[in-house]
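>>> structure, please.
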Amino acid sequence: MRAAILLIGSAVSIAPAWGAERVSLRSLVAEPRSYLEKLIRLPTMGCVDNPKGGFICVEPVGGQMLRIDASALGAATGLRIAERLIGDCKGTANLSSPVCRVEVEITPRSTHRDMLETSAGSRPIVVVYSGQIDMFDVKARR
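Reported below is the predicted structural model:
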């Protein structure tokens, strides 16, 4: 990661020069609290407009599930994705649709671990909450 050194009075601060830190889904599931309040970019996940409000992204990671809950769609999200969210990617039944797979950029605000009941039994889940989510087509990398 590139960094810029900022001189503020007599203090020296190192800050990212641009963009979000790329984080693997496995890293986020293992240590979700270490990413709180940091802008992060996640690889491909299934994401939909939640009919109950906000947006949900879900992806299996090892024997667990990762779920991102966000209340607002960010301005960096392209028009094509926004249109899919009100069409083909509306509702949790569409989470596994290939058209709903996007890269995700969030700033986690809080997180918790829980159990998810599935037809195959209970499965651990890590839930990460973010006020805003930006979504990018997999091919449209910055």
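>>> can you give me the helices for the chain?
Ranges of helices in the chain, per DSSP state H, are 25-30, 79-85.
>>> dump the ones you listed into a markdown table; add mean pLDDT and distance to residue 100 as well.
For the C-beta atoms, the positions are set from N, CA and C on the backbone; glycine is no exception. A markdown table is the format used below for the helices of the chain (pLDDT from 0 to 100; distance: least, CB to CB, whole Å):
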| stretch | mean pLDDT | distance to residue 100 |
| --- | --- | --- |
| helix 25-30 | 97 | 16 |
| helix 79-85 | 95 | 7 |
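>>> gap between residue 77 and residue 37?
21 Å (CB to CB, to the nearest Å).
>>> adding mean neighbour count and distance to residue 46, write the helices of the chain out as a markdown table.
Shown next, in a markdown table, are those (neighbours: other CB atoms under 10 Å; distance: least, CB to CB, whole Å):
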| stretch | mean neighbour count | distance to residue 46 |
| --- | --- | --- |
| helix 25-30 | 17 | 12 |
| helix 79-85 | 15 | 12 |
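>>> mind checking which of those helices is nearest residue 67?
Nearest of the helices of the chain to residue 67, taken as CB to CB: helix 25-30 at 10.3 Å.
>>> nice, that's everything, thank you.
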